[in-house]
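Asker: Below is the structure, and that's it, no one-letter string:
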């Protein structure tokens, strides 16, 4: 492939397969799939997901929502405790006027800011519940109070969501985190129902916890990384090697006796690394070769059974696709080793 | 300041002061300053550096060189073992036709690719010498062989450069790395001179090792991060707190009993973290408060003596400015707490 490195290369067949498999898997459980588009930030991939049967999209920011809204994708959930003020309040209001939008809430001040920004418009809010990651979200027992506050502000409470992010704690964590998500959502559902709320959305989500049997109260899954998977997902048991659909193509620029350097560093591979994973990327075509150190434009690769030559291009499986995609302006779309298309990373950098 | 978060905020007075001080410091040693523009990727800041007295710019990639060339900045050194082929060879050729360009070389295949790409044009090459980081670069004793090879290819060998990147190994490392840079460059200089080469460029560079007395053979310094400094540079003793010129403005979106969450995560603060530094950012206005964990859009801050409120905006000093800048499209330029300008991050994502 005659591409300039470092490049973001997506394997179209694997991507298609990942999208279809997850749609089927979630559908077979009777759940709606609302994939998190922060992973791919791509209108093309969002369309693939919706065409395959996704109910709508999850996004992380107002500006991601704007990008998808501009492309006519209109059922969006901002799974984040938004705090709209000033220009962000104006932007939220404009989004409410043109798409079917829900927003996350985890505290009274955020709810008040959303209500202020909406200026009388109907806003569907989904309360964030903490299922064990202890990042954002309220305890299930607090959900009724927060829901009542939202109602007083004129917001329409439609349900609850959680992100079992503690599934990433270590390779043994996903199954427990998945149970935690279900248990916590059930508690929150019961609390809200008992307080008289009509709970239509009960949403769980993280790629490692998705696809298992859920309690009947759960209505929706929000995985993101499954479109590509990555080295971290592989180590967590969330995918097989043959499902890895995204690599960073890198050129070997220097070789030593025991290792070599590629032109993909932290500005191409990102520096995300869970404590239980060694290194910053894997080069499958070279056995167990791993990117052991990163500078901004250098990736040092060790462990190759035979060293490549300067000028060779290798494919690096990154640790975490979401932050890698955000570093590139376009996808090089490949099928059977040939470039078949280029897609913009439409929402690259749209993180406000 | 009415800005949408997360935002990249540069303190103009501190930036100006950092630029002037480093220019003076290096100038007083009788050395040329060729700052590395990969840190700021900004035409405005590059102009400040040149106006203050920098001899030219260092860049990491062809595409960074193109951005500065497009803005009329014409003395550029690509301090990287470039391997131009296909479209990159065309781009190198076009750059040679319009700017005063030098390129790094650390191996025979790279040299051959540069010579091929140049297609008969004169190219000034600077040989990379390994002074102890063991990333790229040859040993001083190998410099003559590589220089002869370059000459046979028609390349014009003008000198040697090194990056004492092992200055980042731990807070005690910079002084030793600085000595290593000097010693190694002197050896390489003597080797090349003895082999009959006219060595006019002897270039060292990393912010923590810059500003010390150098052996008389050294001609140039190439620091980058000093324009802003960062949490890592502060811990290395390369700056004082009052010199920190770049922060990420972030809004508090959720508060718990002992910590809070801001809307700057790994897509705003990057995940770079040296092993000797805990956490992912520092919030100076809140004592020793540190970003202890990152998700893509969440930064968890712990250690604040008093918790802020949801909606408050805080300034986070990132661990490593270079990768942070590359995540944003613009600088919010502030002076005394007021926004006075906005500058594009002109070479954002220009990493090929």
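Answerer: On my side now, so go ahead. Quick caveat, the model's predicted, so the values are computed rather than measured. Numbers count the residues shown, from 1 in each chain, chains lettered A, B, ... in the order given.

Asker: strand partners of the host helix or strand of residue A:9, parallel vs antiparallel please.
Answerer: Assigned by DSSP states H and E, residue A:9 belongs to strand A:7-11. When pairing is defined by DSSP bridges, strand A:7-11 lines up against strand A:246-255 (antiparallel), strand A:330-335 (parallel).

Asker: tell me how far stretch A:176-192 is from the chain's mean position?
Answerer: Chain-centre distance of stretch A:176-192: 21 Å, with CA atoms, centre = their mean, to the nearest Å.

Asker: Helices of the stretch 251-352 of chain A, residue ranges please.
Answerer: In the stretch 251-352 of chain A, the helices defined using DSSP state H, counting those that start in this stretch lie at A:266-269, A:321-325.

Asker: Can you add mean neighbour count and give those back as a markdown table?
Answerer: Any C-beta I mention is one placed from the backbone N, CA and C, and that applies to glycine too. Below are the helices of the stretch 251-352 of chain A laid out as a markdown table (neighbours: other CB atoms under 10 Å in any protein chain shown):
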| stretch | mean neighbour count |
| --- | --- |
| helix A:266-269 | 26 |
| helix A:321-325 | 25 |
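
Asker: Need those helices in JSON lines (columns: mean pLDDT and distance to chain B).
Answerer: Formatted as JSON lines, these follow (pLDDT from 0 to 100; distance: least, CB to the nearest CB, whole Å):
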{"stretch": "helix A:266-269", "mean pLDDT": "98", "distance to chain B": "5"}
{"stretch": "helix A:321-325", "mean pLDDT": "98", "distance to chain B": "5"}
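
Asker: Ok, which of those comes nearest residue B:203?
Answerer: Closest to residue B:203 of those is helix A:266-269 (CB to CB; 22.1 Å).

Asker: So which elements touch that closest one?
Answerer: Helix A:266-269 sits against strand A:246-255, strand A:290-294, helix B:321-325, with contacts defined as 3 or more CB pairs under 8 Å, 6 or more residues apart in numbering or on different chains; DSSP states H and E.

Asker: Take these and lay them out in a markdown table including distance to residue A:181.
Answerer: Output for those, formatted as a markdown table (distance: least, CB to CB, whole Å):
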| stretch | distance to residue A:181 |
| --- | --- |
| strand A:246-255 | 26 |
| strand A:290-294 | 31 |
| helix B:321-325 | 32 |
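
Asker: quick one: which of the ones you listed is nearest residue B:176?
Answerer: strand A:290-294 (19.1 Å).

Asker: The closest one: which residues count as buried?
Answerer: A:290, A:291, A:293, A:294 (16 or more other CB atoms under 10 Å in any protein chain shown).

Asker: isn't residue A:289 right next to residue A:303, touching?
Answerer: Yes: using CB atoms under 8 Å, residue A:289 is in contact with residue A:303, at 4.7 Å.

Asker: related to what we said a few turns ago, immediately after the strand holding residue A:9, which helix or strand?
Answerer: Immediately after strand A:7-11, counting by DSSP H and E, sits helix A:12-28.

Asker: what's in contact with that following helix?
Answerer: Outside helix A:12-28, the residues that touch it by CB atoms under 8 Å, 6 or more residues apart in numbering or on different chains are A:32-33, A:35, A:45, A:48-49, A:52-54, A:210-211, A:221, A:223, A:226-229, A:239, A:242-246, A:333-336, A:340-341.

Asker: pLDDT value on the residue lying closest to residue A:242 once chain neighbours are set aside, please?
Answerer: With CB to CB, 6 or more residues apart in numbering or on different chains as the criterion, residue A:242 has its nearest non-adjacent residue at 7.4 Å, and that residue is residue A:14. According to the prediction, residue A:14 has pLDDT 98.

Asker: separation between residue A:14 and residue B:34?
Answerer: For residue A:14, the distance to residue B:34 (CB to CB, to the nearest Å) stands at 44 Å.

Asker: more neighbours, these two?
Answerer: Shown here are residue A:14 and residue B:34; by other CB atoms under 10 Å in any protein chain shown, residue B:34 has more neighbours (27 against 20).

Asker: shouldn't the more buried one be in contact with residue B:59?
Answerer: No: applying CB under 8 Å as the test, residue B:34 and residue B:59 come out as separate, 10.0 Å apart.

Asker: Any part of the longest helix along chain A near chain B?
Answerer: The longest helix of chain A (DSSP state H) is helix A:174-194. No: Helix A:174-194 does not reach chain B (CB under 8 Å from any CB of the partner chain); its nearest approach is 14.4 Å.

Asker: What of stretch A:143-160?
Answerer: No: applying CB under 8 Å from any CB, one finds stretch A:143-160 separated from chain B by no less than 12.0 Å.
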